[in-house]
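Asker: Predicted structure and sequence below. I'll ask about it afterward.
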Amino acid sequence: MNFMLSEEHDMIRKMVRDFARKEVAPTAAIRDEEERFDEDIFRKMAELGLTGIPWPEKYGGIGSDYLAYCIAVEELSRVCASTGVTLSAHTSLAGWPIYAFGTEEQKMRYLKPMALGEKIGAYGLTESGSGSDAGGMKTTARRDGEHFILNGSKIFITNGGIADLYIVFAAAEEGVTAFIIEKECEGFSIGKKERKMGIRSSPTTEIIFDHCRVPAENVLGEIGSGFKIAMKTLDGGRNGIAAQAVGIAQGALDAALQYAQERKQFGKPIIANQGISFKLADMATAIEASRLLTYQAAWLETEGEPYGKASAMSKLLAGDTAMMVTTEAVQIFGGYGYTKDYPVERYMRDAKITQIYEGTQEIQRLVISRMLTK
Ligand code: COS
């Protein structure tokens, strides 16, 4: 057993940390304020190869692995959780199902431009009436010769409106089926854009299918096997969110640690007060535990071992850790923490979603408890 990161992982961490500090951090607060996605940042990530970290070079990737991808999401989220989730949804939710279930042609046509960052990916499962009960979807897919006609809508789509490709699940006669939808597809449109508490520079929209004509060749995997594709995709996606949560928590700890050493009360830095230093110790310990679970799940996936339970656990622990750590960070900053003059209120707002999306914490417990008895 070896807990040291390889040279390659270390190098990717340094590169992403440097990029995040120089190119992402300076505008994180203003993009949050303006709810503005910055395409330029995505293009720059693409130039560094970050948009295709785990995919082989023949599909436009850099041929690295899921741990390197998690490290990248973590380092981005340490300064901007919105940028972290843009990459996570693009890679885990859109790229992965094509890599795992796509035909060679689909991989060349869709995964490659996504890995190169020429196209952005998104994933559509949730509907207004089916969130945790993902199988209860109402969007339908009716066969019409060489096409399927999709009707319905999906909500809370990360990268909605900025994505070129959407992995979408709809109920066909044979059962739930996965489709690759191009944004230009006839009958496809973008609906309401959500105004959110956090991750505000990551756009979240509704997507609408109004007699949307999708070529049958855009079915992903077997017709009728879409629910399993959706679930397996989330198995990996959840670990990407765990990495995002670790990054958010680390960013909040970094800020709180610095502030606690600079801020003086009663004649000495507040870190000299055990009430503060013990908080910091608990925060650092919870982050380290979350990071280890997250890296372990990524390693299991890379090794081809089952990783669904590990990912549910990492997302559960890291999401709760992010919420605890960011709340404590605001507390350490006191009144200043509650203002927009410091980043910790943004971290706290951003942390909350990690307990909700890609399966609520309650769903993670359901998944874990079912696996315990298997
Ligand atoms: N990998 C592969 N197959 C899976 C799977 C997984 N991780 N999870 C479930 N399946 C399969 C089951 O094996 C079952 O197959 P069979 O019918 O062949 O036995 C089928 O899918 C149905 O599974 P199950 O009976 O467990 O489905 P449920 O309706 O009970 O619900 C939960 C499963 C609740 C776990 C699922 O709906 C879920 O994850 N909900 C949360 C959705 C979510 O995370 N949404 C966020 C969207 S992205 S922001």
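Answerer: Here it is on my side, so go on.
Asker: Contacts only, for the residue in the stretch 251-374 of the chain that the ligand sits nearest to.
Answerer: At 3.0 Å from the ligand, Gly359 is the closest residue in the stretch 251-374 of the chain, using Cβ to the nearest ligand atom. The way it works is simple: take the backbone N, C-alpha and C, and place the C-beta from them, glycine included. For Gly359, the contacting residues are 132, 234, 238, 312, 315, 367, by Cβ atoms under 8 Å, 6 or more residues apart in numbering.
Asker: Redo those residues as JSON lines? Include secondary structure.
Answerer: Listed next are the contacts of Gly359 as JSON lines, based on DSSP: H, G, I helix; E, B strand; the rest coil:
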{"residue": "Ser132", "secondary structure": "coil"}
{"residue": "Leu234", "secondary structure": "helix"}
{"residue": "Arg238", "secondary structure": "helix"}
{"residue": "Ala312", "secondary structure": "helix"}
{"residue": "Lys315", "secondary structure": "helix"}
{"residue": "Val367", "secondary structure": "helix"}
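Asker: List buried members of those residues by neighbour count.
Answerer: Neighbour-count burial (16 or more other Cβ atoms under 10 Å) applied to those gives 234, 238, 312, 315, 367.
Asker: What score does the fourth one have for pLDDT?
Answerer: At Lys315 the predicted local distance difference test score is 98.
Asker: can you tell me which residues contact it?
Answerer: Going by Cβ under 8 Å, 6+ apart, the list of residues near Lys315 reads 238-239, 241-242, 245, 354, 358-359, 364.
Asker: Also near the ligand: which of the contacts of Gly359, exactly?
Answerer: Restricting the contacts of Gly359 to those touching the ligand (Cβ under 6 Å from any ligand atom) yields 132, 234, 367.
Asker: near the ligand, which residues of the protein show up?
Answerer: Residues of the chain lying close to the ligand (Cβ under 6 Å from any ligand atom) are 125-126, 132-135, 156, 227-228, 231-232, 234-235, 308, 357-359, 363, 366-367.
Asker: now, which of these lie within helices?
Answerer: Counting by DSSP state H, the residues of the chain next to the ligand place 227-228, 231-232, 234-235, 308, 363, 366-367 in helices.
Asker: host element of His211?
Answerer: Per DSSP states H and E, His211 falls inside strand 204-215.
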